[in-house]
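> Need the 3D shape of this:
(chains A and B, ligands or ions: 2)
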Amino acid sequence: MIELKNIHKSFGDLKVLKGIDLKVKNKEVLSVIGASGSGKSTMLYCINGLEPIQGGSISVDGVVVNDKATDLNKLRQKIGMVFQQWNSFPHLTALENVALAPRVVKGLSKNEAKEIAAKQLAHVGIGDKLDVYPSALSGGQQQRLAIARALAMEPKYMLFDEATSALDPELVGEVLDTMRMLASEGMTMIVVTHEMGFARDVSDRVAFFHEGRVEEIGPAKTVLSSPKSEYLQKFLAKVH
Amino acid sequence: MDPAGNAFTDLRWVDLLFLGEAAIRTIQISAVSILVGTVIGVILGWMLASGNIFVRLLVNSLLDVFRSVPLIIQLILFDSFVSIAGFPMPAFWSGTIVLSVYTAALVAMVARAGIEAVDPNLRRAARSLGMGYWQDMRYIVWPVGIRAVFPSWIGVSLSVLKDSALVSAIGYIELLRASQILTTKTQESFKIMLLVGLFYFLMSYPISKAGDYIEKKWQQ
Ligand SMILES: Nc1ncnc2c1ncn2[C@@H]1O[C@H](COP(=O)(O)OP(=O)(O)OP(=O)(O)O)[C@@H](O)[C@H]1O
Ligand SMILES: [Mg+2]
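Numbering: from 1, shown residues only, chains lettered A, B, ... in the order given. Ligands and ions are numbered 1, 2, ... in the order given. Down below sits the predicted model:
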């Protein structure tokens, strides 16, 4: 379970998160929507400790992320993250991209790591691209590579930060399909997205962020079909 | 002494050998300086890219000194200084020390540029997979950065090879000094300079070719 209690986060004088409370249960898919700058990405970065917080507390399976004694490198192994920019390692083939972390972080042998990598690449549907460098892959394929790379660490949780926003429209579908597949396999996911269709169909709950706060949260269909918050009504009117 | 009473001798095969030996000394002093200078330069470049404001200020002003004082003056100053201070050392060593520091100052800028060329998002992705700081450095920053600045590093190496000629100013008999000695002896300055130019070319060419080759290999 991921639990955020009253978290506060600033960049210098800029207050970005102003008291976020959230609980994500195992096997749950939570979509996070909200205007640009409302703090969605920042919250994801706080969950795996890529950004420190100034107040409140975050725990993942009871391990406190913002505790100095916590081994973040260990914690991050169970929290996969996929970014808006697909961030393929350009000097490595698809197979090496995925095999790197299992080898150097988990200490698996080269062969074990490659086996896992090949399996995950097949899983996301690019099993025929093992020896291809990222520069020869489409954006959609690179994003699926990024998903495979995260899955190869066998994470318990996956965080997606607008995984489809940088893609050409015709490539969005294949990545969303991959994310749908993960959800159906029971992966616990927090998905920051602008894809309202995905939020409605795939997620259990939707959280609407507004200026660093959770303005509204609830079952996906309720939140998206009959929003209570005025801000959310305006937001939905704009994106539809 | 030849019958015409000419005090100069003709250019002979042993002179060519003499030049060849000097060329090897040029290679030696350059190779050691490039190696040592690169190691130190990479560390300094890392400090410039990752250190706090004080570290960066300190390293930058230090490097400014070495970048702005002409190499030949650094060589003469250092050589005289160690003699006056009571630790005279062979010209090879004082030359190597000064040339290494000079190389380090140049490599530091290259190394910093290399680290900064790595997209921070790439590094975040690496850290999100559980890689530690040094694993990120070793497996992501180093290989990605080196590809970005490898041509500049080759450029630094080539210029150090050529600038090593200045070590002649403190009496080390490398290629340039050797050619001066021969010129005084034989007065064949044109031929000798042609030869020396050829030697420098033969030393530089393989380096730049190897550089091109490695770059091509990485580009796929
Ligand atoms: N590293 C940073 N340093 C300073 N300010 C930052 C940093 N990262 C984000 N911010 C600021 O924090 C605020 C929230 O940013 P964040 O990226 O979390 O928003 P978001 O909801 O993800 O928006 P978007 O939909 O555009 O991705 C913005 O005002 C942004 O400019
Ligand atoms: Mg964002």
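
> And the residue of chain B closest to ligand 1?
residue B:120 (9.4 Å; C-beta to the nearest ligand atom). (Glycine included, C-beta is placed from N, CA and C.)

> and that residue, how many neighbours?
The tally of other residues near residue B:120 (other C-beta atoms under 10 Å in any protein chain shown) stands at 9.

> now swap in residue A:134 and tell me
For residue A:134, using other C-beta under 10 Å, the count is 20.

> next one: residue B:183
17.

> What are the buried residues along the helix or strand hosting residue B:97?
Element membership for residue B:97, per DSSP states H and E: helix B:91-116. Across helix B:91-116, burial judged by 16 or more other C-beta atoms under 10 Å in any protein chain shown covers B:91-92, B:94-116.

> just checking, residue A:108 touches residue A:116?
Yes: contact criterion C-beta atoms under 8 Å: residue A:108 and residue A:116 qualify, at 7.2 Å.

> These two: which is more packed in?
residue A:116 (21 against 17).

> For the helix holding residue B:97, give the mean pLDDT please.
Average pLDDT, helix B:91-116: 96.

> and it with chain A, contact?
No: Helix B:91-116 stays clear of chain A (C-beta under 8 Å from any C-beta of the partner chain), getting no nearer than 12.9 Å.

> and that helix, what does it pack onto?
Using 3 or more C-beta pairs under 8 Å, 6 or more residues apart in numbering or on different chains; DSSP states H and E, the elements in contact with helix B:91-116 are helix B:13-50, helix B:53-68, helix B:71-84, helix B:142-163.

> ok and the shortest one relative to helix B:142-163, angle-wise?
Using axes from the mean of the first three to the mean of the last three C-alpha atoms, to 10 degrees, the inter-axis angle of helix B:71-84 relative to helix B:142-163 is 80 degrees.

> Pull out the buried residues from helix B:71-84.
By 16+ other C-beta under 10 Å, the buried positions in helix B:71-84 come out as B:71, B:72, B:74, B:75, B:76, B:78, B:79.

> got the angle between the helix holding residue B:97 and helix B:13-50?
40 degrees.

> Next SSE downstream of helix B:91-116?
helix B:120-128.

> Could you export the helix or strand following that next one as CSV, CA atoms only?
Counting by DSSP H and E, the element after helix B:120-128 in chain order, helix or strand, is helix B:133-136. Taking Å, rounded to 0.1, in the frame of the first residue of the first chain, the C-alpha atoms of helix B:133-136 are listed here in CSV:
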residue,chain,number,x,y,z
TYR,B,133,24.7,7.6,-7.8
TRP,B,134,27.9,5.8,-8.8
GLN,B,135,26.0,3.2,-10.8
ASP,B,136,24.3,6.0,-12.7
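
> Which elements pack onto the longest helix along chain A?
Across chain A, the longest stretch assigned as helix under DSSP state H is helix A:169-184. Where contact means 3+ C-beta pairs under 8 Å, 6+ apart, helix A:169-184 is packed against helix A:139-151, strand A:188-192, helix A:196-202.

> who are the neighbours of the first one, in terms of helices and strands?
Using 3+ C-beta pairs under 8 Å, 6+ apart as the contact definition, the elements that helix A:139-151 packs against are strand A:79-82, helix A:94-104, helix A:110-123, strand A:157-161, helix A:169-184, helix B:120-128.

> looking at the ones you listed, which has the lowest confidence?
helix A:169-184 (a mean of 93).

> So which bits of it are buried?
A:171, A:172, A:174, A:175, A:176, A:178, A:179, A:182, A:183.

> mind listing what the closest residue to the first one other than its chain neighbours touches?
Residue nearest to residue A:171 in three dimensions, not counting chain neighbours: residue A:140, with 3.4 Å by C-beta to C-beta, 6 or more residues apart in numbering or on different chains. Under the criterion of C-beta atoms under 8 Å, 6 or more residues apart in numbering or on different chains, the contact list for residue A:140 reads A:167, A:168, A:171, A:172, A:174, A:175.

> Can you pull out the low-pLDDT segments for the chain?
The chain I'm using is chain A. A:240 (pLDDT under 70).

> I was thinking of chain B, sorry if that wasn't clear
B:1-8, B:220.

> interface residues of it facing chain A?
B:119, B:121-122, B:124-132, B:135, B:139-140, B:143-144, B:147, B:218, B:220.

> Just want the most central residue of chain B.
In chain B, the residue lying closest to the centroid (C-alpha atoms, centre = their mean) is residue B:160, at 3.0 Å.
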